[in-house]
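>>> sequence? don't have it. structure:
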């Protein structure tokens, strides 16, 4: 399936109304001056477009809490390699990965070069294309899980850079934004939905009739795991807090379990796939719930899931049919294009908990760390007029 211009699809107004109101309209949250993580003013004070090669961005110059984030007006504009696209960012998704990076928990993987722009999810408009890019043209609206590296890292981990007016990524990480989505809605999708998509298609093989249990079904990844499994014809048991049951039920869950009243290990039933998005259980604790050839997927890699994944062929040869594996997301535009097809069919809907403006990035991080959310937190960026030009040879 094509990811670029020929992948465009249009939906009717009636199709847009098929989105439940709660899921379509993000709720803006004003920054309370009394919050522990205060609003920021851009360094330099101007809210007008920068000239030359400087852009507005939220950066860190050290690892730490939300207070480590700074809003600057003079961050260097990213350089565009031949296989990359420069995007004027309208909205950026906030992920747990951003928080772990800010704290320094991933410094040995993602580096410690400052100033560092956080963020991997973005939606916006193409303003520059590298010489080898043929999938996109200036003015295309795109979204994706951004990776500023011109070649993927051998570790599989991406670099960040989406909390900025302009962000660069390889063209292969992007796809055309569905017309029915706003930029804010689109920015809530890439990393979380790709994590669920790749887990349920590559680590497991969800199909019509599959019995799927999702632990942590109301979180950023969980809401997409529920919808994807239902779109593929599975029966879904969703484990989440009771206060989020109404939303998760509307996403398609067949059965809802309140984790405060029933531990996931005590859920009644047998499952072909158990996806532990919340990372609150283990293969050994849930093994009795798995069908003979069932798969347990943890949302993070651990010693058991790593060994289980690598040694799966050997274990199978010795008669071990139940599998222990983990989810690991990669920024693949082709996969996101498949997700876009489901969005156009109204099978996938973004779920947004709160939207913050870029100048409230500290409050956004503090909220994402401390609150029990249903869905995603998104950061909206000011859209500045720029003159798009193809990168010179």
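That came in fine, so what should we check first? The structure displayed is predicted, hence computed values, not measured ones.

>>> which residues does residue 56 contact?
By CB atoms under 8 Å, 6 or more residues apart in numbering, residue 56 lies in contact with 42, 50, 71, 72, 73, 75, 164, 165, 358, 381, 382. Using the backbone N, CA and C atoms, a C-beta is placed for each residue, glycine as well.

>>> surely the fourth one is in contact with residue 59?
Yes - under the criterion of CB atoms under 8 Å, residue 72 lies in contact with residue 59, with a separation of 5.8 Å.

>>> sorry, back to before: from the contacts of residue 56, which ones fall inside strands?
Residues of those located in strands (DSSP state E): 71, 72, 73, 75.

>>> figure out the helix or strand that the nearest residue to the last one once chain neighbours are set aside lives in.
Closest residue to residue 75 apart from its sequence neighbours, by CB to CB, 6 or more residues apart in numbering: residue 57 at 3.9 Å. If you go by DSSP states H and E, residue 57 is part of strand 54-60.

>>> now residue 169
Residue 169 belongs to strand 166-170, assigned by DSSP H and E.

>>> tell me which strands that strand pairs with, and in which orientation.
Strand 166-170 pairs in its sheet with strand 84-94 (antiparallel), by DSSP bridges.

>>> flag every buried residue along the next helix or strand after the strand it pairs with.
On the C-terminal side of strand 84-94, the nearest following helix or strand under DSSP H and E is helix 96-103. Using 16 or more other CB atoms under 10 Å as the test for burial, helix 96-103 gives 96, 97, 98, 99, 101, 102, 103.

>>> pick the one among these closest to residue 367.
Among those, residue 99 lies closest to residue 367 (CB to CB), at 10.9 Å.

>>> wait, what's in contact with that closest one?
365, 368, 369.

>>> and the pLDDT for it?
What the model reports as pLDDT for residue 99 is 97.

>>> with residue 164 instead?
97.

>>> tally of neighbours for it?
28 (other CB atoms under 10 Å).

>>> mind giving me the domain ranges of this protein?
5-189+350-380, 192-326 (automatic domain parsing).

>>> can I get the ones you listed in CSV including distance to residue 344?
Below are the domains of the chain laid out as CSV (distance: least, CB to CB, whole Å):
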stretch, distance to residue 344
domain 5-189+350-380, 4
domain 192-326, 12
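
>>> re the thing from before, between residue 72 and residue 59, which contacts overlap?
Common neighbours of residue 72 and residue 59 are listed as residue 115 (criterion: CB under 8 Å, 6+ apart).

>>> in the stretch 101-250 of the chain, which spans are helices?
Secondary structure of the stretch 101-250 of the chain (DSSP state H, counting those that start in this stretch): helices at 107-110, 183-187, 190-198, 222-231, 245-250.
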